[in-house]
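Student: need a structure here:
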Amino acid sequence: MPRQLPAAPPSFVGRARELAALDAALGPADRPAAAVVVFAVSGPAGVGKTALALHWGHRTADRFEDGQLHVNLRGFDPGGTTMSAAEALRGFLDALGVPAQRIPPTLEGRAALYRSVLATRRVLVVIDNARDADQVRPLLPAAPGCAVVVTSRTHLVGLVAGDGARPIPLDVLGPADSRDLLDGRLGPDRLAAEPAAVDDIVARCAGLPLALAIVAARAATMLYPPPSPSGPPPVPARPLRALADDLAETRTALNTLAGPDEASNLRTVLSWSYRALSPAAASMFRLLGLHPGPDINAAAAASLAGIGVDEARSRLDELTRCHLITQPAYGRYGCHDLLRAYAGELARDLDGAADRRAATRRMLDHYLGTAFAAAMLIDPHREPLRPLPARTDPPPERLDDHAAAMAWFTGVWPVLLGAIDVAAATGHDERALMLTWCVGDFLQRRGHWHDWESALLTALAAARRLGDRPGRAYVHRMLARALTPLGRFDDAHDHLRRALDIFGDLGDRSGQARTHRNIALVLERQGRYESALAHAEQTLRLRREDGSPAALANALNNVGWYHSLVGDHRRALDFCREALEINERIEDRYGQAAAWDSIGYAHHHLGEYDRAATCLGTALRLIREVGDRYSEATVLTHLGDTGDAAGRPDEAHELWRAALMILDELGHRDAETVRARLSDRGTTMA
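Tutor: Numbering: from 1, shown residues only. Predicted coordinates for the structure are as follows:
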């Protein structure tokens with residue numbers, strides 16, 4: 001009876017879902033399956049495929065009364081010494097007690113004899129590290145009661161489609177399971193002593209069990225003094241914080257994860273998968289190391305590589321089949337940080353500096369062209385920082401309308417933030433500045449103020465390097481916009497003073513008008529309504545002299561709004577209605593929403609609650625169409641106030657709750673004001 005399974009992994013953690021799938025397919029112990037059960041466990045290098053197979057194999061060994069067979073097919077062996085199916089069958093037949101003289105010389109003969117020997121037996125067969133379905137297929141028994149677990153770095157689609165294998169895709173571990181793995185290797189006391197470092201290690205290892213195991217091994221063996229029965233107890237010679245800091249450096253992370261042999265050296269293990277790629281896919285993988293992540297679509301990958309979209313998709317699909325990248329969402333491809341670091345290392349070693357720079361430029365131009373088009377679809381009346389130079393290569397992605405633009409930004413805004421950093425770091429300062437302009441409206445409408453601030457600071461440094469004074473003034477003004485919702489009013493005023501000085505020196509009246517508008521916004525947040533009105537009136541004066549219809553409408557509505565805030569609601573209606581008329585004429589939905597909100601607010605404070613509710617309802621519909629989450633919360637709050645004043649408390653509570661959910665989601669300071677409304681009316685919301 002063969003008992004060939006290697007030892008089970010000592011610190012197996014997680015994988016509850018995968019283990020449950022394996023158990024369920026095997027069926028109850030008293031009713032053997034009617035056919036052989038085949039599992040195809042797939043996943044990237046180092047993710048723990050073998051560990052899962054061996055853990056489950058030992059756990060279910062008593063279900064297979066005639067033993068367990070095991071073979072490593074070396075499908076991704078660095079020396080190219082892949083084991084043939086015929087060689088694997090020879091080993092299985094030897095283990096099953098077949099005399100050497102009875103073993104046929106051909107693959108077909110050995111496979112037939114193998115199936116015959118297992119015809120009346122219940123055996124578990126673990127086939128590790130398979131390259132493809134053809135290598136595995138002759139090793140499959142035909143007898144009911146047998147089970148086969150195949151592990152591979154590819155999806156083994158042929159085995160699933162042609163042989164009924166059940167796919168068990170394996171992903172990286174979550175944070176909790178990653179900590180459990182470290183706990184099992186290092187003990188709870190070591191982890192409890194440096195919890196922040198443990199969090200960083202877990203994040204940097206990206207849930208990859210091999211990476212976590214290597215870090216744990218380095219931490220466990222770096223002891224001083226060396227363990228001795230009679231000496232003092234050893235203490236860590238290198239704290240976990242030092243390991244975490246090494247992992248934080250992209251260029252040293254893979255060195256930190258270099259074990260003493262090939263099997264425990266992450267760079268080496270990853271190289272086995274890389275060497276199996278076609279030249280075209282290998283080139284694409286290296287180029288992905290230049291991309292900021294966290295994911296990419298085929299159009300952006302095509303621009304990165306300078307090829308067509310169909311060819312890019314083919315290369316990405318090959319990388320997906322080999323588990324060097326994943327598809328976190330349909331049409332988007334990604335990989336964890338360690339794989340991206342490895343890809344970037346390969347690009348630096350194998351691709352020339354000129355080729356890398358050209359690829360980076362193509363990628364940035366792709367995102368800039370598409371982001372510019374998306375920004376203008378979101379707000380067609382927005383005045384660009386500067387015209388976008390005409391480009392035909394690479395062409396931007398096609399976006400047909402406002403909804404498509406918002407959906408595109410929703411999917412890629414983390415990528416765009418990374419692209420801004422890449423642009424600034426690689427000498428493409430103009431692109432960094434323009435990308436920041438493109439993504440600004442979206443980040444503001446979705447309440448990503450901290451991310452917006454970070455991007456703007458990068459853009460400010462880029463504008464200074466360029467000697468671009470209009471660009472500097474714009475960034476200072478936008479920094480005030482980002483800092484105001486965070487309550488950093490002094491910093492906001494400082495940036496606005498700088499912007500106003502530059503715009504004044506340049507004689508840019510439009511820039512001055514915008515800056516006065518932003519000063520009014522900060523003053524409003526500080527409750528200084530009379531001062532805010534004065535700056536809004538300064539904006540209106542400049543816009544009447546020289547401004548687009550959209551800019552004039554915005555200025556009129558702002559003056560009306562501040563008249564309401566100082567108590568002059570009738571005069572407020574005059575300004576806001578004039579603003580609404582212009583916005584309707586130019587079909588500016590965002591401007592219409594703002595005007596209807598201001599008009600509704602004025603009617604509310606005049607005691608005209610039904611008219612107020614109608615106006616605010618229109619504002620809510622429009623603001624939802626343009627996707628501004630913070631403004632939606634503002635209108636919901638105003639609607640709730642109107643319902644409360646009109647004697648409809650239940651309606652008011654529901655509206656305030658909806659507003660609070662958005663504000664909590666955005667982390668906005670206004671959440672506490674709305675929460676206080678609910679509390680004052682005897683309603684709380686966790």
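Student: Once you drop chain neighbours, what's closest to residue 440?
Tutor: Spatial nearest neighbour of residue 440, chain neighbours left out: residue 478 (6.0 Å); criterion: CB to CB, 6 or more residues apart in numbering. C-betas here are computed from N, CA, C, even on glycine.
Student: now swap in residue 546 and tell me
Tutor: Per CB to CB, 6+ apart, closest to residue 546 is residue 509, 5.4 Å.
Student: which helices and strands does the longest helix seen in the chain pack with?
Tutor: Secondary structure of the chain per DSSP state H: the longest helix is helix 353-378. Using 3 or more CB pairs under 8 Å, 6 or more residues apart in numbering; DSSP states H and E, the elements in contact with helix 353-378 are helix 298-305, helix 402-425, helix 429-446.
Student: so which of those helices gets nearest residue 155?
Tutor: helix 298-305 (18.5 Å; CB to CB).
Student: Alpha carbons of the closest one, as PDB, please.
Tutor: Listed next in PDB are the C-alpha coordinates belonging to helix 298-305 (Å, rounded to 0.1, in the frame of the first residue of the first chain):
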ATOM      1  CA  ALA A 298      -6.300  46.000 -22.400                       C
ATOM      2  CA  ALA A 299      -6.400  49.500 -24.000                       C
ATOM      3  CA  ALA A 300      -3.900  50.900 -21.500                       C
ATOM      4  CA  ALA A 301      -1.800  47.800 -21.800                       C
ATOM      5  CA  ALA A 302      -1.800  48.200 -25.600                       C
ATOM      6  CA  SER A 303      -0.600  51.800 -25.300                       C
ATOM      7  CA  LEU A 304       2.100  50.700 -22.800                       C
ATOM      8  CA  ALA A 305       3.400  48.100 -25.300                       C
END
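Student: Distance from the chain centre to it, please.
Tutor: 18 Å (CA atoms, centre = their mean, to the nearest Å).
Student: what about that helix, average pLDDT?
Tutor: Confidence for helix 298-305, expressed as mean pLDDT, is 94.
Student: Quick one: name whatever helix or strand follows it.
Tutor: helix 309-321 (DSSP states H and E).
Student: now that next one and helix 298-305, what's the angle there?
Tutor: Using axes from the mean of the first three to the mean of the last three CA atoms, to 10 degrees, the inter-axis angle of helix 309-321 relative to helix 298-305 is 100 degrees.
Student: Which residues does whichever helix or strand comes after helix 309-321 contact?
Tutor: Next helix or strand after helix 309-321 toward the C-terminus (DSSP H and E): strand 326-329. Contacts with strand 326-329, where a contact means CB atoms under 8 Å, 6 or more residues apart in numbering, come from 44, 171, 294-295, 320, 333-335, 411.
Student: between the residues you listed, which is nearest residue 33?
Tutor: residue 171 (26.7 Å).
Student: what residue ranges in the chain are flagged as low confidence?
Tutor: 78-80, 222-237, 250-251, 259-260, 389-394, 682-686 (pLDDT under 70).
Student: mind running it again at 50?
Tutor: Applying pLDDT under 50 to the chain flags the ranges 684-686.
Student: Residue most distant from the centroid, the protein?
Tutor: residue 101 (58.6 Å; CA atoms, centre = their mean).
Student: I'd like to know how far it sits from residue 93.
Tutor: 12 Å (CB to CB, to the nearest Å).
Student: Please apply the same query to residue 124.
Tutor: Distance from residue 124 to residue 93, by CB to CB: 17 Å.
Student: Sounds good, over and out.
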